[in-house]
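S.K.: Provide a 3D model corresponding to the input given below.
(4 chains)
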Protein chains: 2
Amino acid sequence: MTTIYDIAKLANVSAMTVSKVINNTGSISEKTKAKVRRVMEELNYVPNQMARGLVTQQTRLLFLLITDITNPFYTTLARGAEDAARKYGYRLLFGNSDESLEKESGYLDTILGARADGVLFSPAGDRSLPHLQKLRKQKIPFVLLDREVPGMDCDVVLGDSKEGAKLLINHLAERGHRRIALINGSSEISSARLRAQGYAEAHKLNDLELNEDYVLETDYTSHQDLRVMSGWLDRLSPRPTAILACNNILASEAIETIRAKGLKVPDDISVVCFDDLGYMSRISPFLTVIAQQAYEIGYLGTQLLIERIQDKDGQRPWKKLILPVELISRSSVADISGQG
Amino acid sequence: MTTIYDIAKLANVSAMTVSKVINNTGSISEKTKAKVRRVMEELNYVPNQMARGLVTQQTRLLFLLITDITNPFYTTLARGAEDAARKYGYRLLFGNSDESLEKESGYLDTILGARADGVLFSPAGDRSLPHLQKLRKQKIPFVLLDREVPGMDCDVVLGDSKEGAKLLINHLAERGHRRIALINGSSEISSARLRAQGYAEAHKLNDLELNEDYVLETDYTSHQDLRVMSGWLDRLSPRPTAILACNNILASEAIETIRAKGLKVPDDISVVCFDDLGYMSRISPFLTVIAQQAYEIGYLGTQLLIERIQDKDGQRPWKKLILPVELISRSSVADISGQG
DNA sequence: TTGTACGCGTTATCAG
DNA sequence: CTGATAACGCGTACAA
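M.R.: Numbering: from 1, shown residues only, chains lettered A, B, ... in the order given. Sure thing, here's the model as predicted:
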């Protein structure tokens, strides 16, 4: 591949002159600049970022690790991160951990090996802690997105999970629901814990009875979810009149489970969940959801990260941003306040 | 950051020995290996891939460039690519060009600069040709996904767009539709052209009249789409009884447009499109679609790419894989064969 | 305004 | 089995 030496030879200058032209450092006559640039064009020269990074000790590369690339919440978040990165002159690369600690670890090696300048990290769960510690030890700045990890002080940007759960329960309670089940993600995920808390608190506020059987903990994205849900729902007696699913995928699984039993949503069971479905909601405005500001979480997180990178070894305190959520009411909830 | 020299010093060996332990090259006594490994653990050592890549001239990094990260078609494709890459010991990074040649060009620089071993490329359109030529000139192997680019001979993996369009038109024709509009993507995108062809051919086969006014060409993902569609639909007289949208996003916009006029889908206008909605289809099994084998396109494309990479300067012919599509019939099509 | 020497962290080559 | 040396492509510091 072409190097600055190839360019230098053809342009009859030294390699250093080429380097200076590329980086606009030092002072080079317009004439030489033009000449060098012409040769670079001809040879389709692209600076080797590895060599460059090796000497400058920075890559201007940001890395975004998300846990589910098929979830509109994360892809919208990615868009926000991308826009912010672009604005500040950084490049952004994505990785998808698929909720797996193992895959996460693989991406960590990629990140560490590539010496990314910073990382936007949506951790698979609390057990991601060692991964974060690794990052910290190598002094690579990172910002947690969507999920916190106990034991790690750092910048975080979150949606207001607890408040979201409360809004959802209130919404259901207002419509006469008193038996509301919760299909939660793993309790090793901070947002799932917060949502469970909101669920519980809202129950007290609305004077609803809490029933442990009504709470199901699942892995996100598990292929077993459907089977587990089905058995769980069968065992529930009396049947809940509503289900709060902790993300859109769980909601889709819940709906499939319900329908497989010949029941209808919302006639027999209402379903609400966290995270909107992007433009898919336009096609069938069905699910009542808590919409998080996904784009903003990505955008603000990236800004925070870049500030950290640029204010090297500055000792200002960690920031924790909690963005408000919004309830979008559609048609997956039945009003049963007239009955019973 | 820790280097092999730090390790070497602490382990009382030379840097070379450390390198050999890392790469399992040469022969090192088990004892030294163990010692070196212990020190690496302690210091959380991660090899610098930049330095490594500089000397080995390979990165074992693959790059996947997609045009819309929020579209389930591409994210499913990404999953397939990821799995294949992992299987063969490569790392996969994503970029999102957002249908923009400019952003695509930015990612191209990243890819070229990072000296990726290979690229999975879903081009923004025909005008991506110079980008591909750049890649070719630098001898970086690539495989085109989902879209071809005229003038560029290379490996390609596609869904069968023409056949898909035909299936959709046949499906509509069988249900009595004779005025079917087409909302297409830019004619600078190969898949859009093929879909238009399939649309036209199926019209002839079904003895339907072709009406140019019934064909709308849009940018994918344009914010203007909604306004344009609205005006276009108003001008159509008589109104089409069905619309074929060339991807799921266009379909969502079409549906929104239709509903904004107080019309119903499918009662007043039926809507079908390309690409399924992933798990979202479970929530509301509404849209009748042509499902492409997104996962397989990603997986096979990656396999093809890796073969190319490993069989360096082999002169075997380019492969063009066209994967079959499947029509999934749901409820966005009305049967009007009984009426007039 | 331009060029030389050196080092970034690693591996290939070859010598011990 | 282990180590010294050069080289990968580039930028910094300094010299010319």
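S.K.: so what's A:P285 closest to, chain neighbours aside?
M.R.: The shortest distance from A:P285 to any non-neighbouring residue, by CB to CB, 6 or more residues apart in numbering or on different chains, is to A:R330 (5.0 Å). (C-beta placed from N, C-alpha, C; glycine too.)
S.K.: Give me the residue ranges of the stretch 201-340 of chain A where confidence is low.
M.R.: A:221-222, A:312-313, A:340 (pLDDT under 70).
S.K.: Apply 50 and report the result again.
M.R.: Judged against pLDDT under 50, the stretch 201-340 of chain A has no low-scoring part.
S.K.: okay, how far is it across stretch A:134-150, tip to tip?
M.R.: Terminal residues of stretch A:134-150 are spaced 15 Å apart (CA to CA, to the nearest Å).
S.K.: starting at the chain centroid, how far to that stretch?
M.R.: On the basis of CA atoms, centre = their mean, to the nearest Å, stretch A:134-150 sits 14 Å off its chain's mean C-alpha point.
S.K.: again with stretch A:108-128
M.R.: Distance, centroid of stretch A:108-128 to centroid of chain: 13 Å (CA atoms, centre = their mean).
S.K.: how about it as CSV, C-alpha atoms only?
M.R.: Only the C-alpha atoms of stretch A:108-128 are listed here, as CSV (Å, rounded to 0.1, in the frame of the first residue of the first chain):
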residue,chain,number,x,y,z
LEU,A,108,-13.5,-5.2,24.8
ASP,A,109,-10.4,-6.7,23.4
THR,A,110,-11.1,-5.1,20.1
ILE,A,111,-11.6,-1.8,21.8
LEU,A,112,-8.5,-2.1,24.0
GLY,A,113,-6.4,-3.5,21.1
ALA,A,114,-7.5,-0.7,18.8
ARG,A,115,-6.8,1.8,21.5
ALA,A,116,-10.0,3.6,21.0
ASP,A,117,-10.0,7.1,22.5
GLY,A,118,-13.3,6.4,24.3
VAL,A,119,-16.1,4.0,24.8
LEU,A,120,-19.9,4.3,25.0
PHE,A,121,-20.8,1.3,26.9
SER,A,122,-24.2,-0.3,27.4
PRO,A,123,-23.2,-3.2,29.7
ALA,A,124,-24.8,-6.6,29.5
GLY,A,125,-25.3,-6.4,33.3
ASP,A,126,-23.8,-6.0,36.7
ARG,A,127,-21.2,-8.7,35.9
SER,A,128,-19.8,-6.4,33.3
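S.K.: Mind checking if it is in reach of chain B?
M.R.: Yes - contact between stretch A:108-128 and chain B, assessed by CB under 8 Å from any CB of the partner chain, occurs at A:109-110, A:112-115.
S.K.: So among the residues you listed, which ones count as buried?
M.R.: Using 16 or more other CB atoms under 10 Å in any protein chain shown as the burial test, the residues of stretch A:108-128 next to chain B include A:110, A:112-115 as buried.
S.K.: Need those in JSON lines (columns: pLDDT and distance to DNA strand C).
M.R.: Conversion of those to JSON lines gives the following (pLDDT from 0 to 100; distance: CB to the nearest atom of the strand, whole Å):
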{"residue": "A:T110", "pLDDT": "94", "distance to DNA strand C": "14"}
{"residue": "A:L112", "pLDDT": "94", "distance to DNA strand C": "10"}
{"residue": "A:G113", "pLDDT": "93", "distance to DNA strand C": "9"}
{"residue": "A:A114", "pLDDT": "93", "distance to DNA strand C": "12"}
{"residue": "A:R115", "pLDDT": "93", "distance to DNA strand C": "9"}
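S.K.: now, which of those residues lie within helices?
M.R.: Here DSSP state H is the test, and those give A:110, A:112-114 as lying in helices.
S.K.: any idea which of those is closest to A:K264?
M.R.: Ranked by distance to A:K264 (CB to CB), these are led by A:T110 at 46.1 Å.
S.K.: what helices or strands is the helix or strand hosting A:T302 leaning on?
M.R.: A:T302 belongs to helix A:294-310 when assigned by DSSP states H and E. Using 3 or more CB pairs under 8 Å, 6 or more residues apart in numbering or on different chains; DSSP states H and E, the elements in contact with helix A:294-310 are strand A:61-66, helix A:72-87, strand A:118-121, strand A:142-145, strand A:155-159, strand A:320-323.
S.K.: Tell me which of the ones you listed lies nearest to DNA strand D.
M.R.: DNA strand D sits nearest to strand A:61-66 of all the helices and strands packed on helix A:294-310, at 14.6 Å, using CB to the nearest atom of the strand.
S.K.: Next one: A:S337 from DNA strand D, what distance?
M.R.: Distance, A:S337 to DNA strand D, by CB to the nearest atom of the strand, to the nearest Å: 68 Å.
S.K.: Helix, strand, or coil at that residue?
M.R.: Recorded secondary structure, A:S337: coil (DSSP: H, G, I helix; E, B strand; the rest coil).
S.K.: Could you dump the buried ones among the residues of stretch A:108-128 next to chain B into a markdown table and include distance to A:V46?
M.R.: Below are these laid out as a markdown table (distance: CB to CB, whole Å):
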| residue | distance to A:V46 |
| --- | --- |
| A:T110 | 21 |
| A:L112 | 24 |
| A:G113 | 21 |
| A:A114 | 17 |
| A:R115 | 19 |
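S.K.: Tell me the one of these nearest A:C154?
M.R.: A:L112 (16.6 Å).
S.K.: Tell me the secondary structure of the residue nearest to A:P285, please.
M.R.: A:R330 - assigned by three-state DSSP - is coil.
S.K.: who's in contact with it?
M.R.: By CB atoms under 8 Å, 6 or more residues apart in numbering or on different chains, the contact set of A:R330 is A:281, A:285-289.
S.K.: do the same with A:H223
M.R.: By CB under 8 Å, 6+ apart, no residues touch A:H223.
S.K.: so the residue lying closest to A:Q339 once chain neighbours are set aside, which of the three states?
M.R.: In this structure, A:Q339 finds its nearest non-sequential neighbour in A:G176, 6.9 Å apart by CB to CB, 6+ apart. Under three-state DSSP, A:G176 falls in the coil class.
S.K.: I am finished for the moment; much appreciated.
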